[in-house]
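*Asks:* Here's a sequence, model it:
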Amino acid sequence: MAATGAALYLFVTVHLLGNLQVFLGPDAINHYAAALKSVPEILWGARLGLLACVGLHILTTVQLARINNKARPTAYAKKANSASTAASRTMYLSGPTIAAFIVYHLLHLTVGSAHPQFSETDVYSNMVFGFRVWWVSAAYIIAMALLCTHLRHGVQSMFQSLGFNHPKHSPRIQKFANAVGILYFAGFASMPLAALTGILPPFFERL
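*Replies:* The predicted structure follows:
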């Protein structure tokens, strides 16, 4: 789980940095998307690798849940949750919700079947017109809040699983994980909010 989580964290980081180029204008993000598509071997290799990581991450989650259930077949009479956080207690819920959103997100901005004005080459307009639908932006922001909550706990657990759990390092890791959750959410949420408020105008308004 830690290894696949690390790979997915790396993807989320690259994905966020790539998408933030929308603030540099249509040319920047469209050229970025064209560069990715220009080498299909690498693009599809990354996609298949990402799909494998998602599958393994889900599989290890199910296995871990079964191990936990076998370790305590009888539930607590009263659970105080003194050593856990809201993020850790909602991991099993946020994970499937994020997975369901990813399917819609791919249909919306990658495949285009859920986008009425989809263009194969104009990624900028796909994002701007797609996020100008308020309920799409609302769903995206909620999903990103769940993702970043999941990510915040996942990053901290990843270091612990990889053997970095130490009184000297743990507080720093926790601060880093908290910063990741906040900064990544701010980055992802900034794009639909900018489209909704007109900070990112449609391409034809720039001509």
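*Asks:* ok, how many other residues are close to L64?
*Replies:* If you count neighbours by other CB atoms under 10 Å, L64 ends up with 13. Placement of C-beta: from N, CA and C, glycine included.
*Asks:* same thing with the one 4 residues further on?
*Replies:* In terms of burial, N68 registers 9 neighbours under the definition other CB under 10 Å.
*Asks:* Repeat that for I42.
*Replies:* The burial count for I42: 10, using other CB under 10 Å.
*Asks:* can you check L109 too?
*Replies:* Neighbours of L109 using other CB under 10 Å come to 19.
*Asks:* Now do the SS call for L20.
*Replies:* Of the three states, L20 takes helix under DSSP: H, G, I helix; E, B strand; the rest coil.
*Asks:* Can you read off the pLDDT for it?
*Replies:* We have a pLDDT of 97 for L20.
*Asks:* Quick check: next helix or strand after the lowest-mean-pLDDT helix or strand in the chain?
*Replies:* Within the chain, no helix or strand scores below helix 86-89, which has a mean of 58 by mean pLDDT, DSSP states H and E. Going down the chain from helix 86-89, the next helix or strand is helix 91-106, by DSSP states H and E.
*Asks:* Give me the helices and strands touching the helix or strand hosting I58, please.
*Replies:* If you go by DSSP H and E, I58 is part of helix 40-71. For helix 40-71, the contact count by 3 or more CB pairs under 8 Å, 6 or more residues apart in numbering; DSSP states H and E identifies helix 2-19, helix 91-106 as packing neighbours.
*Asks:* redo that, cut-off 10 Å
*Replies:* helix 2-19, helix 26-37, helix 91-106 (3 or more CB pairs under 10 Å, 6 or more residues apart in numbering; DSSP states H and E).
*Asks:* List the buried residues for that helix?
*Replies:* Residues of helix 40-71 classed as buried: 50, 53-54, 56-57, 61 (neighbour count, 16 or more other CB atoms under 10 Å).
*Asks:* Let me know the angle separating it from helix 91-106.
*Replies:* 160 degrees (axes from the mean of the first three to the mean of the last three CA atoms, to 10 degrees).
*Asks:* Could you pull up the mean pLDDT of helix 40-71?
*Replies:* 86.
*Asks:* do the same with stretch 198-207
*Replies:* Rounded mean pLDDT across stretch 198-207 is 69.
*Asks:* This completes my enquiry, with thanks.
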